[in-house]
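Undergrad: return atomic coordinates for the entry below.
(2 chains)
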Amino acid sequence: MIEVKNLKKSFGNHVVLKDINVMVKPKEVVVVIGPSGSGKSTFLRCINLLETITGGQVLIEGVDITDKKTNINSVRMEVGMVFQQFNLFPHKTVIENIMLAPTKVRKVSAEKARDKGMELLKKVGLTEKANAYPDSLSGGQKQRVAIARSLAMTPKIMLFDEPTSALDPEMVGEVLEVMKQLAKEGMTMVVVTHEMGFAKEVGDRVIFMDDGLVVEKNIPRELFDNPQQERTKSFLSKIL
Amino acid sequence: MLDFRWDLLAEYGPFFVKGTVLTIGLSIAGILIGTVFGLLIGLGKMMKNKYFSLPAKWYIAFFRGTPFMVQILLIHFAVIPPIFGGTNSIAAAIVALSLNSAAYIAEIFRAGIQSIDRGQMEASRSLGMNHMQSMVYVILPQAVKRMIPPLGNQFIVLIKDSSLAALVAAPELMYWGQVMQGQYYRVWEPYLAVAAIYLVLTLSLSFLLSRLESRLSTE
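TA: Modelled structure (predicted):
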């Protein structure tokens, strides 16, 4: 479903991703962990071309998104993204945030988009906030709206870039709960996170990145209980 | 000051009314044309293509970096005659005000757009919207709200700058003030009256803009 081949990315002289090769199968939940500065967020952002790629290939359902002929907008319609800082549109209400892309990009009627939006709000438990502005929501509520907004485009893949890192500790749970539900429903997900509990419980595979490279990838139990690389061991010993 | 001549003011009342109407007209024309031009120049300056961004930079440098008085004289005596086949003080005033304010407005637009967090564009693009859609539905509505206070400033400056049209004998408010001074050798009456009228104009404008700002608030 997602195929990343020899991905390289540098900002000027600073090499962030050295040579990344990752495959994500349909319905798989892949969790990416690693110290800050390891390039895990950049890796995720490359998957929907929020960063221009320096070298290598990223294929999404067989379509090479690094090819100049590929219409990146139609690829992005199928790939939802959730950001650390939520990035809700502050000038629009919650329901308008959710309806915007379906009506403008998929040309869904406002009525249908609203119905679908309310359905998604119900799923994330925020129907009563439909007409509120983002500024009046808590961090956890904002992130749940952001997830609903992405889902409104009915994406086949969801990318999560440290979705709980900007939240107060007591709000982390409600967001993870929504993500677990999504995973249960069979959504293909790539999640960059520091939530090791989530990685163990929900992840089908865990990738440990450091210094622009994939150091180790394995099923969660193996990677956490029986790490093969020294670097993985020292990272895990510091955070667990 | 003790013998304030209200009767002279009353006599000049109709001229001040005519002058005020022209001042308002010049200002509105300058604001409208300057805003459209300013938007285009601001967008031009933000483009990566140097053929668009360099001329925009030079334009802004020239019109911000030279006195408005020089600009209006140049336009009145050098630019307008070949086009109109003679001088035309009102046309010169409108052109000068528009071109001058466009330079400032271009920078206000650019600052407004660039002040919006990068995450907004990223979120919008990640939902599949193209650059244009993201600009129109996500970035500009937020940017416009932030542009209102500096634009209001600029419009107030423009109303006051329109008084320099008196230099080229456009019969606006300041012009009639000078005429009255010349006829009666009085200074307090004409210039206090003119100052009061400008103050009413600029205060009304800032009142309108603050109403607009509170209507766009999402609190």
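Undergrad: taking the centroid of chain B, which residue is nearest it?
TA: Against the mean C-alpha coordinate of chain B, by Cα atoms, centre = their mean, the closest residue is B:Leu158 at 3.6 Å.
Undergrad: so that one is in which element?
TA: helix B:140-161 (DSSP states H and E).
Undergrad: could I get the buried residue list for that helix?
TA: For helix B:140-161, the neighbour count (16 or more other Cβ atoms under 10 Å in any protein chain shown) marks B:140-148, B:150-152, B:154-156, B:158-159, B:161 as buried. For glycine as for every other residue, the C-beta is placed from the backbone atoms N, C-alpha and C.
Undergrad: over to stretch B:189-197?
TA: B:Glu189, B:Pro190, B:Ala193, B:Val194, B:Ile197.
Undergrad: what's the first helix or strand after the helix holding B:Leu158?
TA: Following helix B:140-161 in sequence, per DSSP H and E, is helix B:173-184.
Undergrad: helix or strand next in line after that next one, which one?
TA: Past helix B:173-184, the next helix or strand by DSSP H and E is helix B:188-215.
Undergrad: circling back to that earlier point, hmm, the helix holding B:Leu158 in reach of chain A?
TA: Yes. Helix B:140-161 reaches chain A (Cβ under 8 Å from any Cβ of the partner chain) through B:Pro141, B:Gln142, B:Lys145.
Undergrad: return the closest of the residues you listed with respect to A:Gly56.
TA: Nearest to A:Gly56 among the residues of helix B:140-161 next to chain A is B:Gln142, at 35.2 Å by Cβ to Cβ.
Undergrad: which one is residue 156 nearest to, not counting chain neighbours?
TA: Chain wasn't specified; assuming chain A. A:Glu78 (4.8 Å; Cβ to Cβ, 6 or more residues apart in numbering or on different chains).
Undergrad: should've been chain B
TA: Nearest to B:Ile156 is B:Thr202, by Cβ to Cβ, 6+ apart, at 4.8 Å.
Undergrad: how many residues are close by the one you found?
TA: Residues within reach of B:Thr202, counting by other Cβ atoms under 10 Å in any protein chain shown, total 18.
Undergrad: and it, how close does it get to chain A?
TA: 29 Å (Cβ to the nearest Cβ, to the nearest Å).
Undergrad: would you confirm that A:Ser150 contacts B:Ser124?
TA: No. Assessed by Cβ atoms under 8 Å, A:Ser150 is found out of contact with B:Ser124, at 11.8 Å.
Undergrad: quick check: angle from the longest helix anywhere in chain B to helix B:173-184?
TA: If you go by DSSP state H, chain B has its longest helix at helix B:6-46. Counting by axes from the mean of the first three to the mean of the last three Cα atoms, to 10 degrees, helix B:6-46 lies at 150 degrees to helix B:173-184.
Undergrad: next SSE after helix B:6-46?
TA: helix B:50-65.
Undergrad: any residues touching that following helix, and which ones?
TA: With Cβ atoms under 8 Å, 6 or more residues apart in numbering or on different chains as the test, helix B:50-65 has contacts from B:41-42, B:44-47, B:71, B:99-100, B:102-104, B:106-107.
Undergrad: if we use 7 Å, what do you get?
TA: B:Ile41, B:Gly44, B:Lys45, B:Met47, B:Gln71, B:Leu99, B:Asn100, B:Ala103, B:Tyr104, B:Ala106, B:Glu107 (Cβ atoms under 7 Å, 6 or more residues apart in numbering or on different chains).
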